[in-house]
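Trainee: 3D, please:
(one chain, ligands or ions: 1)
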Amino acid sequence: MITAKQAVPDAERLLADAVGAREAVFTTCGSSISIHTAMLTVTGPGKKILIDRNVHKSVVASLVLAGARPVWLRPRWDHERQIAHPATARDVEAALGRDPDVSAVLIITPTEYGTGADVRGIADICHARGLPLMVDEAWGAHFPFHPGMPTAAVRAGADLVVQSLHKADGGLCQASVILLGGDLVDPVDLRLRLDLITTTSPSALMFGSIDGFRHRMVHQGRQLLDDALQRANGLRARLSKTAGLTVLDESIIGQDGVAEWDPLKLSVDVSALGITGYQAKDWLQEQRRLTAQLGDAHRVVCSLTYSDDDEAIERLAEALETLAAEPPQADRPAPRIPALEDLNLEQAITPREAYFAGTEQVADPVGRISAEMISPYPPGVPAILPGERFNAAVVDYLRAGLASGMTLPDASDPSLKTFRVVRAEQPANLATNAIDTGSEVGSFRHSAGSGEGA
Ligand SMILES: Cc1ncc(COP(=O)(O)O)c(C=O)c1O
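Mentor: Next up is the predicted model:
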């Protein structure tokens with residue numbers, strides 16, 4: 001008889017073999033807990049970690065838990081489309097050159113818009129320095145099962161890869177995996193960190209859904225993804241001919257450092273219709289009961305999956321064509337997007353220090369250090385996070401965004417009349433983390449071997 005205790009390691013082994021990982025670890029509290037686990041494994045108190053600033057809020061939470069010191073890797077700003085793409089391998093190399101005592105690197109790829117990083121190039125740079133590379137690949141658990149998808153991070157040399165099974169794939173909500181590649185990360189450490197923070201009563205249903213996804217992909221993945229690609233390409237071609245809609249396509253590869261592109265992300269710019277993506281997303285929901293993955297100032301993004309059949313794709317095509325033919329009156333102001341570089345904020349103290357500092361709510365936070373993260377959702381990338389200093393651009397951006405329909409679920413004051421900041425007088429020890437205000441990445445001034453735990 002196979003016991004539950006044996007079934008999970010067996011299923012993890014089967015997934016690891018199927019995707020080319022050294023090990024797979026199943027988790028049941030979403031990629032958030034997988035990211036906390038992976039971050040607590042590769043970093044710790046006082047250690048520096050180079051992190052793409054375009055990360056999900058769970059990475060920031062991990063920094064608070066671990067007490068690590070972020071060195072921010074600025075994303076590539078795409079000024080034409082006003083979105084961020086992943087940093088390039090050269091950006092990573094330059095950042096590691098500036099901060100040689102970084103002990104690990106974390107990137108997110110692909111982004112919520114489907115643009116991807118050169119994971120192989122970045123892994124080579126990390127490994128030449130003996131540094132583990134962690135990749136948040138929350139949207140890409142199916143990538144290993146079809147050559148038309150972006151390169152799977154674990155096959156491109158990443159040491160730790162986190163994937164959500166409930167986003168673009170067939171797992172139950174909260175099903176997630178951590179994949180280990182290479183030999184820079186100790187799998188025992190990883191499991192001990194997971195044991196520290198996860199439930200002692202994991203859901204067998206969720207584990208079963210991960211195994212079911214693996215089974216389906218191994219046996220039918222190629223065909224299912226072939227079909228999904230064909231439908232996605234057909235839909236894109238159809239919408240590209242629709243007046244008023246601008247559809248992102250693979251021509252984005254090579255622009256602004258974009259190395260890969262996820263063809264199952266449908267990104268449609270609706271600005272020419274005189275409405276925002278926020279309004280278009282609401283219109284799809286209210287008028288057609290279709291839930292787009294995200295709406296922003298300009299576009300809606302839909303995550304197409306191998307489970308969306310012809311009928312589902314037709315419904316979406318018809319809805320977007322109707323929206324374009326008979327757009328609603330604009331019902332909200334378009335948000336003012338500041339010069340994107342103005343959103344690169346100074347990290348004044350560590351996220352952990354700010355999070356545990358004395359705090360106060362203030363109406364004018366400009367110049368003050370944030371004690372909270374405020375993350376427009378989706379995608380949940382904090383516009384400001386604990387320890388960063390507010391500037392006028394970020395305050396305007398958030399307040400204007402809220403007025404336009406931006407969802408900000410984690411703000412301490414949902415009306416944004418006030419913001420939570422570190423109290424003016426702080427214990428002396430907080431002043432010890434001098435800031436490299438001149439640095440373009442706004443990272444901490446480093447001294448080799450410095451830090452609480454070093
Ligand atoms: C890129 C990325 N990473 C991590 C997460 C966290 O995943 P989960 O919701 O499974 O905890 C999300 C969720 O939106 C995400 O988009």
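
Trainee: give me the number of residues near T291?
Mentor: T291 has 10 neighbours, counted by other CB atoms under 10 Å. Every residue, glycine included, has its C-beta placed from N, CA and C.

Trainee: Close to the ligand: what parts of the protein are there?
Mentor: 30-32, 56, 58, 108, 136, 138, 164, 176, 379-380 (CB under 6 Å from any ligand atom).

Trainee: Looking at the residues you listed, spot the one nearest the ligand.
Mentor: Nearest to the ligand, judged by CB to the nearest ligand atom, of the residues of the chain next to the ligand is G30 at 2.5 Å.

Trainee: And that closest one, how close does it get to A175?
Mentor: G30 sits 8 Å away from A175, going by CB to CB, to the nearest Å.

Trainee: For the two, list the residues in contact with both.
Mentor: Common contacts of G30 and A175, defined by CB atoms under 8 Å, 6 or more residues apart in numbering, comprise 164, 166.

Trainee: circling back: which pair of the residues of the chain next to the ligand spans the longest distance?
Mentor: Spatial extent of the residues of the chain next to the ligand (CB to CB) is set by the pair S176 and P379 at 16.5 Å.

Trainee: of the two, who's got more company?
Mentor: The neighbour comparison of S176 against P379 (other CB under 10 Å) goes to S176, with 27 against 21.

Trainee: Settle this for me: that one is touching Q163, isn't it.
Mentor: Yes - when contacts are counted by CB atoms under 8 Å, S176 is listed as touching Q163 (6.5 Å).

Trainee: Have a look at the protein and report the helix or strand with the lowest mean pLDDT.
Mentor: Each helix and strand of the chain was given a mean pLDDT (mean pLDDT, DSSP states H and E); the minimum falls on strand 76-78 at a mean of 85.

Trainee: In it, which residues are buried?
Mentor: Buried residues in strand 76-78, defined by neighbour count with 16 or more other CB atoms under 10 Å: 76-78.

Trainee: which outside residues touch that strand?
Mentor: If you take CB under 8 Å, 6+ apart as the criterion, strand 76-78 is touched by 84-88, 91, 255-258, 340-341.

Trainee: can I get the CA coordinates of the helix or strand hosting I49 in PDB?
Mentor: Per DSSP states H and E, I49 falls inside strand 48-52. What follows is strand 48-52, C-alpha atoms only, in PDB (Å, rounded to 0.1, in the frame of the first residue of the first chain):
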ATOM      1  CA  LYS A  48      22.800  41.300   0.600                       C
ATOM      2  CA  ILE A  49      20.700  39.900  -2.200                       C
ATOM      3  CA  LEU A  50      20.400  41.400  -5.700                       C
ATOM      4  CA  ILE A  51      16.700  41.500  -6.600                       C
ATOM      5  CA  ASP A  52      14.700  42.700  -9.500                       C
END
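
Trainee: In the next helix-or-strand element following it, which residues are buried?
Mentor: Where DSSP H and E defines the elements, the next helix or strand beyond strand 48-52 is helix 57-66. Neighbour counts using 16+ other CB under 10 Å place 57-66 of helix 57-66 among the buried residues.

Trainee: report the angle between the axes of helix 57-66 and strand 48-52?
Mentor: Counting by axes from the mean of the first three to the mean of the last three CA atoms, to 10 degrees, helix 57-66 lies at 170 degrees to strand 48-52.
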